[in-house]
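Enquirer: No sequence on hand, only this structure:
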C-alpha cells in the first residue's frame, strides 16, 4: 500500500473513530441517565420523591423500598428460583427447536419450505384471542398451576424462527452440500456443522428468548395462582398492584392508617430487582457477539 | 413482540385503581352501628344450623372468589371461620383471591372457562350486570333465599333486593348496610382558611374563594388535588352538578333525571344551563390555578399529597375523607383539616345496594350450602366479626359491641380484600373515625330522600355500541372542557354536543326513557 | 393424479429427516396457535356462558359496529400504521448505525460497556417510563419547564399540546428498543465473511466506502426480514407504551390514539369478549392484506428474500 493510501486510511479511520465515540457515548448517556434516576429513586425516601420529584442522587436516603420487597425473603427467593428454572429450560429447549426449524426453512432444496414458512408466519397475524387460549390451557391441557404452562406454550416463537432463518441464510450452501457428498445426514450436518458456525446468531436469539421468559408475567397472571410457582416479574407486578389497591382499600375503611406505604420508590426498586441478575449475567454471554467468527476460515 | 397479541386484553393496574376509587365507601358508619344495638339475633344460638329441615349431613367444601390480595394471615383467620362453619352448617370455605392489579381480566375468564367455584364477590363496579346478563350467576329466587338465608331474608329491606334486580331477577346477595352514602364532599385545611380570613366553606362560591386564595398565595401547594382515574366527568361534577341539583346520572352517560320528578323525565346534562354555568365556574378556577394543568395526566396519589401538605383540598366520600382527616389530625393538628358539604341542604341518596355483594356461580354444585354460609357471614355476630375484622386481640380490639380499634401493625395482615360483601348492621365503627365525619353522617341520615326510581336499573344491552362511543366522547371532548383546558368554552361545548349526537346519545336517551316509563307504569300498577 | 400422489410420497421419504426436524415446532404451533384460532368465531357471536364459544348465537358483523360508529375508525387506523412505520424506519436505521459504529470503534471493553448501556432501557417497563416522562414534562414541576423558566423562557404545556406527541413517542420507542436491535444487527455483522473486508481494502476503499459497500448490503437480509415481520403487525399498536405515556388524556387523543388504546377505552366498562375479538380480527385482516402485498412485491424483486 502506498504512503498516501496509508495516510488517507488513517485519516478516515480517525474520522470514523470521532463520529463513533461521540455518537455512541451520547446514545449511551441517554440510556444510562434514566437508569441512574431509577437507581437513585429506589434508594430515596417516598416523601422526598413526593416533594422533589426524581433526582440523580437521593435527597433523603432510604432502603424502605427494598425492605418492602424483601419483606418475605423466602417468597422472593422462591420466585427467583421459578424464573431461573423457566428461563433456563425455556431458553435451552426453545433455542434448539428454533435453530433446527430455521435451518430446515432455509434449506433451498427443501421443496415445501415456503409452505411451512407461511404456516408459521400466519400465526403472527391471526390469533384466537384470550378466551380460547385460556380454555385450551386450563380446561383441555389442564396446565393451570404448573411450570409447564409457563414454558411449553411459549417454547417456540415464530418471530425468532424467522430472525434465525435470516441469520442462517448467510451460511453458504456449499457447506451443507459438500458435507452431503461426504455422506452426512441432514441432522448431523445441522448438529456438527451449522450449530458451531452460527454461534453469534445462537447467542443473540438465545438472549432474546431468555429475556422473553425472564420478563413474562402475563402467562403467570393467567395460569398461576399457587404462591410457590410465582415467577419474579409477576410477584413484583402483583405486589405493586396490591399496594396500590391496599392504599385505596384502607382509605375506604376509614380510620387512621399509620403505615407509610412505599409507592414511587418501590416501583423503581422493582425495576432494579427484576433486571439485576440479567444485567449481571449479560457480560458473560456478550463475548459471543463481540468477537466475530470467520466463515472463510471454515470454508477454506 | 409476543405480548402485542394480548394488547386488547390488557386492562391495567390503573383500570383496577380507578374502580377502587369509585367504591371506597364501605366504611362502618355510625348509623349502622347504632341500629344493631337491638339487633343481635345473629348469634350462634339462634343459627339456622339447628334447623333440621335442611340436610347438611354431607360435608362440603366451597370455593369462593374474592377481590384483593390474599391476606398474610389467611390461614389463621379462615381456619377459625371454617371451624365455626363446619360446626354450624358442615361446610368449609376455600377462598381464591384475584389481585387488584389484574382481577378485571381474570374475573370474566373464570366464568368463560367454566371454572369450578361456588361464590364470587360482585358489585355494580365489578361486572355484576355484564356477568349476570351473560348467564354467569345463579338466579336467587325468593324461595331459595327464604329457605337457605332466613336471617338475611328477615334483616334485608326489600328495596335492597329490588335494587339488585336485573330484568326482574336477583343474582346477588347485596351487602346490608343500613345507611351508606356515595355522596361526596371536600376536605380542606382550616389553617389556610383562617390565614386568608375566608368564610367557612359551604357552597361552590366559598369553595372557589378558598381555592383561589391558595393558588394566589401558597406557592408549591396545589389548591385542588384530583383523584387519579379514568373518570369521564370532572372530579367535582358529582358535588357541583348532581348533588347540588338533585340529579341522578344513569349508566355512565351524561343522561340524568331529577330525583323528585315523578315522571322521571330524562335529560342530557350537557344541554342544561346548570352545566353551562358550571363550565364558566370551572374555567375561571382553571385559569386562576385552581388545579394543575396536568389534570388529565395526573399520575400522583392525591391522598398522599394531602397528607404531605402538597395539596390544599380534595374530594371523596365521607368514610375516605374521615380516615384521612383522622390521619392528619394525628400528624399535623395545626392544619385543622375540615370537612365541607358544598350543598348542605340538598336531598341525600343512599348508596344502592349493589355497591357490594356476593353471587353464586351458575354452575355451583352446592348453591344451597353456599347461601347458608353467606347468611351466617352476614348475620352471625362471631362469624361476621371474623370475616370483617379478623381475630379479636390480634387484628383488632373490639370496643363494646359496635366499635373497634385497629391493631396498627396487624390489621393490614388480614384486611386486604373485598370482605365488604358482608357489610351488615353488625358492622363495627372505628373508634378513631372523627366525630366531625360522624356528625355529618348523622345529619345526612335525616336528609335521606326515597323516590320511585331508586330501584331502577338501566339495561344497556340494546345500546351497547352507543354507550361505548358516548363514553369515549366524554373522555375526549367533555373532560378537557371541564378542566378548563379548551380556550373557548362555548365552542368546546358545541363540539361536545355535536360529537355526542354523532356517537348516538339520542338513541340511548330514547331507550332509557322508554325503560323508565315502563318501570314507572309497572310500579303504578303494583302500587 | 396417481402420478402426483406418487411424487408426494416419494418427497416425504426424500425429506424425512428435514420433516422430522421441523415437526416439533409444527406441532407446538398447531396446538398453541391454530387450535385456539377457532375462537375467532367469537367475533361473530353473541357470547354467553351457557353456549360457550361454539354454542352461542351468531350475530354476523354486529360486534364490529361499535368500532365504526363514531367515525374515528379511520383516524386511529391511520395513526396506528403511521406510528409503526415511524418506529420501524427510525428504529432500524439507528440500530444499524449503532451496530456498525460499535463494530468499528473502540476496544473490547468499550464495546461491552456500550452494549450493556444501550440495553438498559429495554428493562424499564412502560409504567416506569411513563412516570419518568411525567417528571420531565409536567407543567408545574417538570424538569424541562424548570430549565426553561430558569432561562427566563415561557413554560411549554406538553401534556395539553398534541403536536409534540408524535416526536415524544417516537423518541421513547426508539430509545427503548435501541439496544435490542443493535444486538441483532451486531450478530449479523459478525457473521460477515472477513475475506470481503480484506478484498475491499485491497481495492483501496476507505472505511466509509467499505461500510457502505460491504457491511450495509450484508445487513440487508436481516433488515428485510425484520421489516416484513413488522409489516404484518403494522395495525397493532404497542398498548403498554401508549397507555402508560398518554393514559386517558383526552387533549392528546387526536395525535396519540391507536387502535388498541381506542378499543380499550371503548370497551373499558363493557368488557365484551365478542367486541374485543372483533377489533382483533379487524387488525389481523388488515395486517394480512398488507403483508401479502408487500411479500408479493419482495418476491418479485428477489425470491429468496421473501418471507414465504
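Expert: That came in fine, so what should we check first? Model, not experiment: these values are computed from the prediction. Numbering: from 1, shown residues only, chains lettered A, B, ... in the order given.
Enquirer: which sections of the chain are below the confidence cut-off?
Expert: All of this is about chain A. Under the criterion pLDDT under 70, the flagged ranges of chain A are A:1-9, A:244-262, A:287-300.
Enquirer: To clarify, I was referring to chain C.
Expert: Chain C contains residues with pLDDT under 70 at C:1-4.
Enquirer: For the residue nearest in space to the middle of chain A, which non-adjacent residue is closest in space?
Expert: What sits nearest the mean C-alpha location of chain A, by CA atoms, centre = their mean, is residue A:211, with 1.3 Å. Closest residue to residue A:211 apart from its sequence neighbours, by CB to CB, 6 or more residues apart in numbering or on different chains: residue A:278 at 7.0 Å. C-betas here are computed from N, CA, C, even on glycine.
Enquirer: what helix or strand is that neighbour on?
Expert: helix A:264-290 (DSSP states H and E).
Enquirer: in that helix, what's buried?
Expert: A:264-275, A:278, A:282, A:286, A:288-290 (16 or more other CB atoms under 10 Å in any protein chain shown).
Enquirer: try stretch C:53-70
Expert: C:53, C:56, C:62, C:63, C:64, C:65, C:66, C:67, C:69, C:70.
Enquirer: what does stretch C:189-204 give?
Expert: Using 16+ other CB under 10 Å as the test for burial, stretch C:189-204 gives C:189, C:190, C:191, C:192, C:193, C:196, C:200, C:201.
Enquirer: what's near enough to touch residue B:365?
Expert: If a contact means CB atoms under 8 Å, 6 or more residues apart in numbering or on different chains, then residue B:365 has residue B:118 as its contacts.
Enquirer: what number of residues lie near the closest residue to residue A:124 other than its chain neighbours?
Expert: Closest residue in space to residue A:124, ignoring its immediate chain neighbours: residue A:158 at 5.2 Å, by CB to CB, 6+ apart. Number of residues near residue A:158 (other CB atoms under 10 Å in any protein chain shown) recorded here: 23.
Enquirer: does residue A:158 really touch residue A:126, like I thought?
Expert: No: counting by CB atoms under 8 Å, residue A:126 is not a contact partner of residue A:158; they are 11.8 Å apart.
Enquirer: All the helices of the stretch 351-500 of chain B, in order from the start?
Expert: Taking DSSP state H, counting those that start in this stretch, the helices of the stretch 351-500 of chain B run over residues B:367-379, B:381-389, B:411-414, B:435-447, B:464-473, B:479-482, B:489-503.
Enquirer: Now render these as TSV, adding mean neighbour count, distance to chain C and mean pLDDT.
Expert: TSV is the format used below for these (neighbours: other CB atoms under 10 Å in any protein chain shown; distance: least, CB to the nearest CB, whole Å; pLDDT from 0 to 100):
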stretch	mean neighbour count	distance to chain C	mean pLDDT
helix B:367-379	26	16	94
helix B:381-389	22	28	93
helix B:411-414	22	24	83
helix B:435-447	16	28	88
helix B:464-473	25	4	91
helix B:479-482	24	5	93
helix B:489-503	17	5	94
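Enquirer: May I see those helices organised as JSON lines, with distance to chain A added?
Expert: Formatted as JSON lines, the helices of the stretch 351-500 of chain B follow (distance: least, CB to the nearest CB, whole Å):
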{"stretch": "helix B:367-379", "distance to chain A": "17"}
{"stretch": "helix B:381-389", "distance to chain A": "10"}
{"stretch": "helix B:411-414", "distance to chain A": "7"}
{"stretch": "helix B:435-447", "distance to chain A": "8"}
{"stretch": "helix B:464-473", "distance to chain A": "18"}
{"stretch": "helix B:479-482", "distance to chain A": "21"}
{"stretch": "helix B:489-503", "distance to chain A": "26"}
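Enquirer: Give the full set of residues in contact with the closest residue in space to residue B:95 that isn't next to it in sequence.
Expert: In space, residue B:95 comes closest to residue B:64 once its chain neighbours are excluded; the distance is 4.7 Å by CB to CB, 6+ apart. If a contact means CB under 8 Å, 6+ apart, then residue B:64 has B:93, B:94, B:95, B:96, B:117, B:118, B:119, B:120 as its contacts.
Enquirer: what helices or strands is the one helix or strand the fourth one maps to leaning on?
Expert: By that I understand residue B:96. In this assignment (DSSP H and E), residue B:96 forms part of strand B:91-98. For strand B:91-98, the elements it packs on are strand B:60-67, helix B:74-89, helix B:367-379, judged by 3 or more CB pairs under 8 Å, 6 or more residues apart in numbering or on different chains; DSSP states H and E.
Enquirer: mind redoing it with 6 Å?
Expert: Other elements packing on strand B:91-98 under the criterion 3 or more CB pairs under 6 Å, 6 or more residues apart in numbering or on different chains; DSSP states H and E are strand B:60-67, helix B:74-89.
Enquirer: any idea which of the ones you listed is most buried?
Expert: Mean neighbour count (mean count of other CB atoms under 10 Å in any protein chain shown) peaks for strand B:60-67 among those, with a mean of 21.
Enquirer: just to revisit the earlier point, quick one: which of the buried residues of stretch C:189-204 sit in strands?
Expert: Judged by DSSP state E, strands contain none of the buried residues of stretch C:189-204.
Enquirer: from those, which two are the most distant?
Expert: For the buried residues of stretch C:189-204, the maximum inter-member distance is 19.0 Å, found between C:191 and C:201 (CB to CB).
Enquirer: can I see the domain layout of chain A?
Expert: The record's domain parsing of chain A by automatic domain parsing lists A:3-42, A:65-299.
Enquirer: cool, chain B as well?
Expert: If you go by automatic domain parsing, chain B breaks into B:28-180+B:352-433, B:184-252+B:267-340, B:455-526.
Enquirer: coming back round to it: including mean pLDDT and distance to residue B:195, could the helices and strands packed on strand B:91-98 go into CSV?
Expert: Putting those into CSV (pLDDT from 0 to 100; distance: least, CB to CB, whole Å) gives the following:
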stretch, mean pLDDT, distance to residue B:195
strand B:60-67, 94, 43
helix B:74-89, 93, 47
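Enquirer: Quick one: closest of the ones you listed to residue B:351.
Expert: Judged by CB to CB, the one of these that comes nearest to residue B:351 is strand B:60-67, at 18.0 Å.
Enquirer: which neighbours does that closest one have in its sheet, and in what orientation?
Expert: Applying DSSP bridges to the sheet, strand B:60-67 is found paired with strand B:91-98 (parallel), strand B:119-122 (parallel).
Enquirer: Deepest in the core, which of these is it.
Expert: strand B:119-122 comes out most buried of the strands paired with strand B:60-67 by mean count of other CB under 10 Å, with a mean of 28.
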